[in-house]
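1. Sequence first, predicted coordinates after that:
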Amino acid sequence: MSDLFENAPKKGGEYSAKDIEVLEGLEPVRRRPGMYIGGTDERALHHLVAEVLDNSMDEAVAGHASRIEVELGADFYVTVRDNGRGIPIDPHPKFKNQSALEVILTTLHSGGKFSGKVYQTSGGLHGVGLSVVNALSDDLIVEVARDKQLYVQHYKRGKPTGKLKNTGAVNRRGTTVKFHADPEIFGPQAHFKAARLYRMCRSKAYLFRGVEIRWSCDPSLIAEGDDTPASDTLHFPGGLSDYLTSTVNGRKMVTATPFAGQADFPDSQGRAEWAIAWPVDGDGFLNSYCNTVPTPEGGTHEAGLRSALARGLRAYGELVGNRKTSIITAEDVTGGAAMLLSVFIRDPQFQGQTKEKLASAEATRLVDTTIKDHFDHWLSGDTGRARDLLERVIEVAEERLRKRQDKELSRKTATRKLRLPGKLADCAKDSQDGTELFLVEGDSAGGSAKQARDRETQAVLPLRGKILNVASASADKLSGNQELVDLIQALGCGTRDKFNLDRLRYDKIVIMTDADVDGAHIASLLMTFFYREMPGLIEHGKLYLAQPPLYRLAQGGKVAYARDDAHREELMKAEFSGKGKIEVSRFKGLGEMPASQLKETTMDPRKRILLRVRMPHRYNEEERAEARETADLVERLMGRKPELRFQYIQENAQFAHDLDV
Ligand SMILES: Nc1ncnc2c1ncn2[C@@H]1O[C@H](COP(=O)(O)OP(=O)(O)OP(=O)(O)O)[C@@H](O)[C@H]1O
Ligand SMILES: [Mg+2]
Ligand SMILES: [Mg+2]
């Protein structure tokens, strides 16, 4: 026994109990905010407000609050006030010296929503939200008006700075949380945006008719050209129907009336509300919510809705004896539809604390059967509109089949018709399936890449020098740029309104530039180009960044590659022993790297890491508005300052495999 311990190595790779940390209280939240709010970017920042607002919404949906005020101050403090029951302030039975309020604010997994006794269908369920907001705020004040008394407590970075004080009598009730996001976490430049918070409040008000949300913000925070009001009272008795009308406002629809309604699930399992229209232009979206929490990644409730609509329309088609009905898929019915879906269910299961995707299995069946019933009625209630919709969806299905046939024409015939650029080293495989195009910088890197590639599936296109800074280039300048003309030809899918994903000649487009400032610059120029000219490529997840290493480390027979300085330090500590010299060599560029090493580190699908470039999320009204903000961001970043560009890429590259542009 003692032998075992004595023989344990003392130096170098020492790793023992003392290395195991247990983070206490809210420390884990500050150390790993991403785990609780999905990152530290602008989206995550705004998520803080969502957590606080969700708690007030839960109070409203449970029937205890009717009014919520949300205020954004010039000092970027956000205040959320409701007229609900007020967070309990009596001493907590388990923690004798703390009020329940303090326990809620300073302890993860503390809350009143676990049992379903005090809230039935709440957005909150983890008992984490408010404590996380507290941990990530450099200043937070909570006020509770309860039993005609007003109680106040202050916090900094998750810790109370004093006791809960009773400040005297009041004539109202409810909870007020006022907080300021910690710049240590979100960066000194990150601030709440009025437009974004306003949209959040508005959609909450649409989702629950029983609440009135009073919005206000300091007028100085409204950017020029932004139509966000400085104050507004949001109350929508028409619910999702109103929401849909305001969203699709003015567009021509396939049917004169939308398919909208609400219904309870059996056995008080909750309820659903929906509003669906089919725009003639076929530009659809689906915004879904569970217990007023937006679920931009969809989930089981969306699956139920899709199934209900597809089954309903198919059943109708068969009933009226339309033989083409059999070709209709769910995607044909719903792909081009403008859809809003809100469900309220008990004890929902989400993926992650930001709750972007609903996982509750029973939601699919509940939504499916409930909505299918109503859809059947809606269709049979007006045969004119049912026929219009059916014919339209059959057209969509036929178009889809026609496109698929075109696609099945082999890539080779497409290639023959197309003049491919001379410098392209194409891959041997005919179909697009599983193929990759590497965009590399310069002929020498191109040479290495050509040797390192798998000829069957990997193609290489070397681009010379710095391509035009397309963020500021006009269309004719673009078409005069040979590098970009070559690139567009090699891809085959066209640009802007001629863009057609089905014609894309490869499955993945991989930007592979040197791991240095110039490389990052060229990568960002190319990303801007794709973002501007072929956003569909990014939307469909076809664009990637390769991650070539910057250093090679060797000791004895052991070799490792490091992406950057930090990674090199990490590897030196973790992978190599303290004994003997570690040889460190820095790659000057991909062109200098032997083909075998380039293959192993960067190109071989079994060993490499690729970063996928993505648009922020899917298309729904809020997300689109954000995407427009992102367009500004890209312009700001790519437009002028190269240092900023570099930082942007580096930061994202380190932390995420999915890179948001
Ligand atoms: N505005 C409010 N009015 C009344 N009670 C509140 C309010 N805000 C928070 N609470 C109480 O504090 C508890 C903890 O809130 P917190 O946001 O931390 O977790 P949660 O809402 O239970 O779950 P989640 O982590 O999913 O948000 C709630 O369960 C509720 O009991
Ligand atoms: Mg909550
Ligand atoms: Mg909590």
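-> Sure thing, it's come through. Quick caveat: nothing in here was measured; it's all calculated off a predicted structure. Numbering: from 1, shown residues only. Ligands and ions are numbered 1, 2, ... in the order given.

2. ok, is the strand of greatest length in the chain in contact with ligand 3 or not?
-> Determined from DSSP state E, the single longest strand within the chain is strand 137-146. No: interface with ligand 3: strand 137-146 contributes nothing (CB under 5 Å from the ion), its closest point being 12.0 Å away. Placement of C-beta: from N, CA and C, glycine included.

3. average pLDDT for that strand?
-> In this model, strand 137-146 carries a mean pLDDT of 98.

4. For the residue in the stretch 1-150 of the chain positioned nearest to ligand 1, which residues are in contact?
-> Nearest to ligand 1 in the stretch 1-150 of the chain, going by CB to the nearest ligand atom, is residue 124, at a distance of 2.2 Å. Residues in contact with residue 124 (CB atoms under 8 Å, 6 or more residues apart in numbering) are 54-55, 58, 111, 113.

5. Please apply the same query to residue 438.
-> Taking CB under 8 Å, 6+ apart as the test, what residue 438 contacts is 449, 453, 458-461, 510, 512, 546, 603.

6. Just the ones in strands from those residues, please.
-> Per DSSP E, these map to strands at 458-461, 510, 512, 546.

7. Out of those residues, the closest to residue 105 would be?
-> residue 546 (44.9 Å; CB to CB).

8. Name the residues that touch stretch 156-165?
-> 25-26, 29-30, 89, 99, 101-102, 105-106, 131, 134-140, 151-155, 182.

9. Lowest-confidence one in the contacts of residue 124?
-> Among the contacts of residue 124, residue 113 carries the weakest pLDDT, at 84.

10. So that one sits against residue 128, correct?
-> No: contact criterion CB atoms under 8 Å: residue 113 and residue 128 do not qualify, at 10.6 Å.

11. Give me the neighbour count for the residue nearest to residue 357 when sequence neighbours are not counted.
-> Excluding the flanking residues, the one nearest residue 357 by CB to CB, 6 or more residues apart in numbering is residue 297, at 3.8 Å. Residue 297 has 17 neighbours, counted by other CB atoms under 10 Å.

12. same check, this time on the one 3 residues further on
-> Counted with other CB under 10 Å, residues neighbouring residue 300 total 24.

13. Surely it and residue 366 touch.
-> No: the criterion here is CB under 8 Å, and residue 300 misses it with residue 366 at 9.2 Å.

14. Just the element for residue 440, please.
-> strand 436-441 (DSSP states H and E).

15. Filter the contacts of residue 124 down to just the ones in strands.
-> Among those, no member lies in strands (by DSSP E).

16. Keep these, but drop any that are not near ligand 2.
-> residue 55.

17. Near ligand 2, which residues of the protein are found?
-> 55, 124, 129.

18. if we take those, which one ends up nearest to residue 526?
-> residue 129 (39.5 Å).

19. Quick check: pLDDT value at the closest one.
-> Residue 129 is given a pLDDT of 93.

20. wait, doesn't it sit right on residue 51?
-> Yes: using CB under 8 Å, residue 129 makes contact with residue 51 at a distance of 3.7 Å.

21. quick one: pLDDT of the spatially closest residue to residue 445 that is not a sequence neighbour?
-> Leaving aside its chain neighbours, residue 445 sits nearest to residue 590 (3.9 Å; criterion: CB to CB, 6+ apart). Listed pLDDT for residue 590 reads 87.

22. returning to that earlier point: could you dump the contacts of residue 438 to TSV with neighbour count and pLDDT?
-> Listed next are these as TSV, based on neighbours: other CB atoms under 10 Å; pLDDT from 0 to 100:
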residue	neighbour count	pLDDT
449	29	93
453	21	95
458	27	96
459	25	95
460	28	95
461	23	94
510	23	94
512	25	93
546	24	88
603	24	93
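
23. Please give me every residue in contact with the closest residue to ligand 1 within the stretch 251-400 of the chain.
-> Closest to ligand 1 within the stretch 251-400 of the chain is residue 353: 6.5 Å, counting by CB to the nearest ligand atom. Going by CB under 8 Å, 6+ apart, residue 353 touches 35-38, 126, 128-129, 132.

24. switch the cut-off to 7 Å
-> Applying CB atoms under 7 Å, 6 or more residues apart in numbering to residue 353 gives the contacts 36-37, 126, 128.

25. just residue 485 next, same as before
-> Residue 485 neighbours (CB under 7 Å, 6+ apart): residue 479.

26. Enumerate the residues of the stretch 1-150 of the chain near ligand 1.
-> The stretch 1-150 of the chain comes close to ligand 1 at residues 51, 54-56, 59, 82, 84-85, 87, 104, 111-113, 124-131, as judged by CB under 6 Å from any ligand atom.

27. try the chain
-> Counting by CB under 6 Å from any ligand atom, the chain sits next to ligand 1 at 51, 54-56, 59, 82, 84-85, 87, 104, 111-113, 124-131, 175.

28. go again using 5 Å as the cut-off
-> For the chain, the contact set with ligand 1 under CB under 5 Å from any ligand atom comprises 55-56, 59, 84, 87, 104, 111-113, 124-130, 175.

29. List just the nearest of the contacts of residue 124 to ligand 3.
-> Nearest to ligand 3 out of the contacts of residue 124 is residue 111 (CB to the ion; 5.4 Å).

30. contacting residues for the closest residue to that closest one other than its chain neighbours?
-> In space, and not counting its chain neighbours, residue 111 is closest to residue 127: 3.0 Å by CB to CB, 6+ apart. Residues near residue 127 by CB under 7 Å, 6+ apart: 109-111, 113-114.

31. Give the rounded mean pLDDT of stretch 178-194.
-> 95.

32. Can you check the pLDDT for the residue in the stretch 301-450 of the chain that ligand 3 sits nearest to?
-> Nearest to ligand 3, among the residues of the stretch 301-450 of the chain, is residue 353, at 10.8 Å (CB to the ion). Note on residue 353: pLDDT of 74.

33. so of the residues of the chain next to ligand 1, which ones are in helices?
-> In this view, these that belong to helices under DSSP state H are 55-56, 59, 104, 129-130.

34. Tell me the one of these nearest residue 253?
-> residue 56 (34.8 Å).

35. What are the buried residues along the top helix by length along the chain?
-> Secondary structure of the chain per DSSP H: the longest helix is helix 383-408. Neighbour-count burial for helix 383-408 flags 385-390, 392-394, 396-397, 400 (criterion: 16 or more other CB atoms under 10 Å).

36. what about that helix, distance to the chain center?
-> The chain centroid and the centroid of helix 383-408 are separated by 31 Å under CA atoms, centre = their mean, to the nearest Å.

37. Repeat that for stretch 333-353.
-> Offset of stretch 333-353 from its chain centre (CA atoms, centre = their mean): 15 Å.

38. CA atoms only for it, dumped as PDB, please.
-> Output in PDB follows, covering the C-alpha atoms of stretch 333-353 (Å, rounded to 0.1, in the frame of the first residue of the first chain):
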ATOM      1  CA  VAL A 333     -46.500  23.000 -46.000                       C
ATOM      2  CA  THR A 334     -44.500  24.800 -43.400                       C
ATOM      3  CA  GLY A 335     -41.300  25.900 -45.100                       C
ATOM      4  CA  GLY A 336     -42.800  29.100 -46.600                       C
ATOM      5  CA  ALA A 337     -45.300  29.800 -43.800                       C
ATOM      6  CA  ALA A 338     -45.200  32.600 -41.300                       C
ATOM      7  CA  MET A 339     -45.800  30.800 -38.000                       C
ATOM      8  CA  LEU A 340     -46.100  31.700 -34.400                       C
ATOM      9  CA  LEU A 341     -46.500  29.000 -31.800                       C
ATOM     10  CA  SER A 342     -46.700  29.500 -28.000                       C
ATOM     11  CA  VAL A 343     -47.200  26.600 -25.600                       C
ATOM     12  CA  PHE A 344     -47.600  26.500 -21.900                       C
ATOM     13  CA  ILE A 345     -46.700  23.200 -20.300                       C
ATOM     14  CA  ARG A 346     -46.000  22.000 -16.800                       C
ATOM     15  CA  ASP A 347     -42.400  21.100 -15.900                       C
ATOM     16  CA  PRO A 348     -40.900  21.800 -19.400                       C
ATOM     17  CA  GLN A 349     -37.500  20.300 -20.300                       C
ATOM     18  CA  PHE A 350     -35.200  22.600 -22.100                       C
ATOM     19  CA  GLN A 351     -31.700  22.200 -23.400                       C
ATOM     20  CA  GLY A 352     -29.400  24.400 -21.300                       C
ATOM     21  CA  GLN A 353     -30.100  27.500 -19.100                       C
END
